[in-house]
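>>> any chance you can model this:
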Amino acid sequence: MCGIAGIIDFRGGIDRGRLTRLRERLHHRGPDGRGITELAHVGLVHTRLALVDATGGAQPLASDDGRYTLVYNGEVYNASELRDALRHDWHFQTRCDAEVVLAAYAHWGAACVPRLNGMFAFFVWDTRADAGFAARDLLGVKPFVYAHRGEEVVFASEAKAIIDVLPGPRRARRSAVVEYLTAPCFSGVEAPMFEGLEYLAPGHCLHVTREGVCIDRWGEHSLHEQPSPVAPEELRTAFEEAVRRTMVADVPVSVFLSGGLDSTAIAAVARVERAYTIRFEAQERFDYARSRIVISDDEPFADLAARELGLRRTLVHVDRASLALDLAHLATTNDALPAWEQELAQHHLARAAARDYKAVLVGDAADETHFGYHFLLDNVATSSPRAILERFGASIVRRDVLGDPTAHFDAHYRTLVAAAGHDWETREARVLATTWLVVHRWLPRLLHNGDIHGMAHGLEARVPFADHSLLAIARRVGPVAALAGGTEKAALRAALKGLVPEPIRTRRKSALPKDQEVAAIYQREAAALLADGALGDLIDLAAAHALCEPARRLDERERALLFRLICLVHWARTYEVQL
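As a prediction, the model looks like this:
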């Protein structure tokens, strides 16, 4: 995994100082190597985290004839098979999958992208055509952000690198910030928080020519496939092969172990030496009965998994004394704005694992692609987008900004879902419609958070459940089979029988933990940050200050709302953004 960036300008040469700034802003993503290539109308930047062929994988990487130059971020897990297919047409000089991607593009052009099984974002410049091509993986594990201004295009792995090389004041995209405050679980996906920047959507590619920028879709994790029988053995085999593919590396790989079904199954197949589990102070005393998505204590299950699998486990303890600094760090790190309190856990897990590892396996994408959320069994929760927003969010946006913001985004998401061919007419249709939102809005946000917090510490998060072969089988499992017996992820649970301890296989889905006893700290921090009227033209300040009263007992949604307000103020101040 790496950091990539570039500037394309058909008017003339590229300012090397801007390229250098892009490279420096992405240094944390690639502490093992740095490169810059300058051509007639393009400058390309790369920072490298070396997991395969440390001595031979420097980028930007050019073809022997000089026609193509590549910057690439990610891991293509079928690189060995593609290398064999291309061996007669390309003289390989490295063992890196980056060279496989370059050879694949040189041989197949844009048609190479569906052949790549993995997580990736890359850009190739063709000097003969005087044109560029970029692509992003199917689910959006790897990021790609760009700005198109006149004849210039600037792209990078992170938005905060781009804003540092663009002229003029930095402005927030107001609609994105309002979505963040109203629908945090779906925010930061459709468009970046910075005005003037865009995301290349998952499963899409981008063409840059003198005529401008053109976007195409190359693939999608579609929910329209007709369900067909999937034997547990078939799903089990596909899962095990996916995990093994993600283990390809010249360095040791670890795993984040929550004691849930997904991370435990990954650990059981991968057989890594060490696992990492988050631990909050007094976690065993948390009131899980009132929590909406973290419904049980991970610790006993993670301990059972480690003992059964023979794993050395590191408990990552979170100190509340550092919480104020942690919040500022989260807001600085996550340029899409921290949406979930669980990002504190991601930050601490990544920082701890990065001391000894460069790569870690995570269970992300399992719940989203295998019908793993228990709210899918709830007729109320699946009745509309609004029901999801009210379940997991609480808006404090002023009415004169957007009227009823929840109603606004409910209508917006209904439009997106209808355009994708789904509706809320029947029970099964409602589950599919809700799952479409989960796959196309919730999951990309989750994957963005995993990437941004891991790479802040030079740690690659690998996602076995994003494997294309496994996804193809998951698409055949419809909601009836996946939710059989009133159990979420029923087909996957059946497939993993015997692989993981039975108490873990039958454990109800519980999200990554968050600290339930930080409300008083949030109240103090928010009161101090909002004292000067910050956000006053955007939020209901009276309501915000009421939440900050020490005597006010906050419920889970209110606590999360203060978390987001604190992060928003830190983000605006850090990046000097005009809201």
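
>>> going forward, measure contacts and count neighbours with C-alpha atoms only.
Fine.

>>> name the residues that touch stretch 513-530?
278, 280-281, 283, 286-287, 294, 297-298, 320, 323-324, 341-342, 344-345, 541, 545, 547-550, 554, 556, 559, 562-563, 565-566, 569 (Cα atoms under 8 Å, 6 or more residues apart in numbering).

>>> and it, what's buried?
By 16 or more other Cα atoms under 10 Å, the buried positions in stretch 513-530 come out as 513-517, 519-523, 525-527, 529-530.

>>> ok, now which ones touch Pro405?
By Cα under 8 Å, 6+ apart, the residues touching Pro405 are 178, 182, 395, 397, 399.

>>> ditto for Gly3
Contacts of Gly3 were listed using Cα under 8 Å, 6+ apart, and they are 26-27, 29-30, 46-48, 72-73, 156-157.

>>> show me the one in those residues that has more neighbours than the rest.
Most neighbours among these, by other Cα atoms under 10 Å: His46, with 33 neighbours.

>>> who does that one bridge with?
Beta bridges link His46 to Ile4, Gly35, judged by DSSP bridges.

>>> list the buried residues for stretch 502-513?
504-506, 508-513.

>>> re the thing from before, out of the contacts of stretch 513-530, list just those in strands.
With strands taken from DSSP state E, the overlap with the contacts of stretch 513-530 comprises 278, 280.

>>> for the protein, which helix extends over the most residues?
helix 556-574 (DSSP state H).

>>> may I see the buried residues of that one?
Buried, per 16+ other Cα under 10 Å, within helix 556-574: 556-572.

>>> and stretch 474-485, by the same measure?
Of the residues in stretch 474-485, 474-479, 481-483 count as buried by neighbour count, 16+ other Cα under 10 Å.

>>> chain center to it: distance?
How far stretch 474-485 lies from its chain's middle: 24 Å, per Cα atoms, centre = their mean, to the nearest Å.

>>> stretch 489-497 now?
25 Å.

>>> same question for stretch 299-309.
Counting by Cα atoms, centre = their mean, stretch 299-309 comes out at 26 Å from the chain centroid.

>>> also stretch 558-574?
20 Å.

>>> the residue nearest to the spatial centre of the chain: what's it in contact with?
Central residue of the chain (Cα atoms, centre = their mean): Leu447, 1.5 Å from the mean position. Counting by Cα under 8 Å, 6+ apart, Leu447 touches 140-142, 364-365.

>>> packing partners of the longest helix of the chain?
helix 174-182, helix 323-333, helix 519-529, helix 541-547 (3 or more Cα pairs under 8 Å, 6 or more residues apart in numbering; DSSP states H and E).

>>> okay, the angle between the third one and helix 556-574?
For the pair helix 519-529 and helix 556-574, the angle between their directions (axes from the mean of the first three to the mean of the last three Cα atoms, to 10 degrees) equals 40 degrees.

>>> what about helix 519-529, distance to the chain center?
Worked out by Cα atoms, centre = their mean, helix 519-529 lies 28 Å from the chain centre.

>>> pLDDT at Gly536, what is it?
Gly536 is assigned 87 on the pLDDT scale.

>>> from the buried residues of stretch 513-530, which single one is nearest Glu81?
Nearest to Glu81, judged by Cα to Cα, of those is Pro513 at 38.9 Å.

>>> those strands in the stretch 201-350 of the chain, which residues are they?
Remark: strands assigned in the stretch 201-350 of the chain by DSSP state E, counting those that start in this stretch are 204-209, 212-217, 253-256, 274-280, 312-318.

>>> out of these, nearest to Gly150?
Of all the strands of the stretch 201-350 of the chain, it is strand 212-217 that lies closest to Gly150, at 8.3 Å by Cα to Cα.

>>> if I pick Asp367, what's in contact with it?
373, 489.

>>> and if you look at the one 10 residues further on?
Contact partners of Leu377, counting by Cα under 8 Å, 6+ apart, are 483, 486-488.

>>> any of the residues you listed buried? List them.
483, 487-488.

>>> rebuild those as a markdown table, extending it with distance to Gln93 and pLDDT.
Shown next, in a markdown table, are these (distance: Cα to Cα, whole Å; pLDDT from 0 to 100):
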| residue | distance to Gln93 | pLDDT |
| --- | --- | --- |
| Leu483 | 49 | 96 |
| Thr487 | 50 | 96 |
| Glu488 | 47 | 96 |
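
>>> on that earlier part again, between the contacts of Leu377, which is closest to Glu38?
Distance to Glu38, by Cα to Cα, is smallest for Glu488 among those, at 51.6 Å.

>>> and that closest one, how far from Phe375?
For Glu488, the distance to Phe375 (Cα to Cα, to the nearest Å) stands at 9 Å.

>>> and if you look at Phe194?
For Phe194 relative to Phe375 (Cα to Cα), the value is 32 Å.

>>> and for Ala5?
Counting by Cα to Cα - Ala5 and Phe375 are separated by 39 Å.

>>> downstream of the longest helix of the chain, the next helix or strand is which one?
Later in the chain than helix 556-574, the nearest helix or strand by DSSP states H and E is strand 577-578.

>>> buried ones in stretch 5-18?
5-10, 14, 18.

>>> in strands, which of the residues you listed appear?
5-9.

>>> how about those in JSON lines, adding distance to Ala359?
Converted to JSON lines, those look like this (distance: Cα to Cα, whole Å):
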{"residue": "Ala5", "distance to Ala359": "22"}
{"residue": "Gly6", "distance to Ala359": "25"}
{"residue": "Ile7", "distance to Ala359": "29"}
{"residue": "Ile8", "distance to Ala359": "32"}
{"residue": "Asp9", "distance to Ala359": "35"}
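
>>> great, nothing more from me.
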